[in-house]
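[1] Structure of the sequence below:
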Amino acid sequence: MEASPENNRDSKGEIVDSVTTNIDGEEHDDRQQSKLVSDGETTNPGSTDALAKGLSSMLATVIRDFDTKAQSTTESQDTLASAIDRLTIELDQLLEDAPLPFIMQHAAKISGVRKRVSSLNSLLKSIQRRIDNIDRILSMEKTVAESL
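    Here you go, the predicted structure:
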């Protein structure tokens, strides 16, 4: 944190405000600091590459884990949908044999559940397609970055 800028003269004798004093009373030249950063002396390109590779590796692991869980969720939704379809067929047969109001009420509830599960299954498949597209884009970017 800077407490007070001081006017100093540069090598040409011009007054500049590049030297500042921090709270501890230490002076530093802002122009020299910015020159070091612009010359690349304070940054290490190797460290940014390592950071990029580390982030890429971490994101790839997270995406693979999420993809696995999404795939298992999709499979369980498909299993649930087929079980509900089977139950719906059995209920339809029961309704043909004995059309009681009680059975019809439960059949309507199960039919509603079937529609909701089918809708959720469609939504999950849409999300999975989006995730696959993101994964494909990230893989292409990683390939391009590695080739540079």
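
[2] Stretch 104-119: which residues count as buried?
    Within stretch 104-119, the residues scored as buried using 16 or more other C-beta atoms under 10 Å are Ala107, Arg114, Val117. C-beta: built from backbone N, CA, C; applies to glycine.

[3] so of those, which ones are in helices?
    Judged by DSSP state H, these include Ala107, Arg114, Val117 as members of helices.

[4] Tell me the secondary structure at Leu59.
    helix (DSSP: H, G, I helix; E, B strand; the rest coil).

[5] swap in the one 3 residues further on?
    Assigned by three-state DSSP, the conformation of Val62 is helix.

[6] Quick one: neighbours of it, just the number.
    10 (other C-beta atoms under 10 Å).

[7] Where does confidence bottom out across the buried residues of stretch 104-119?
    Here the lowest pLDDT out of the buried residues of stretch 104-119 sits on Ala107, with 80.

[8] so how far is Ser119 from it?
    Distance of Ala107 to Ser119, given as C-beta to C-beta, to the nearest Å: 19 Å.

[9] what do you get for Asp65?
    Using C-beta to C-beta, we find Asp65 at a distance of 26 Å from Ser119.

[10] now the helices for the protein?
    Using DSSP H, helices in the chain cover 30-39, 45-97, 101-147.

[11] Could you tell me the least trusted of those?
    helix 30-39 (a mean of 45).

[12] Would you quantify the distance from Val113 to Asp85?
    Distance, Val113 to Asp85, using C-beta to C-beta: 11 Å.

[13] what sits against Lys142?
    By C-beta atoms under 8 Å, 6 or more residues apart in numbering, Lys142 lies in contact with Ser56, Ala60.

[14] my bad, should have said Asn121
    Thr74, Gln77, Asp78, Ala81.

[15] Please repeat the previous calculation with a cut-off of 7 Å.
    Gln77, Asp78, Ala81 (C-beta atoms under 7 Å, 6 or more residues apart in numbering).
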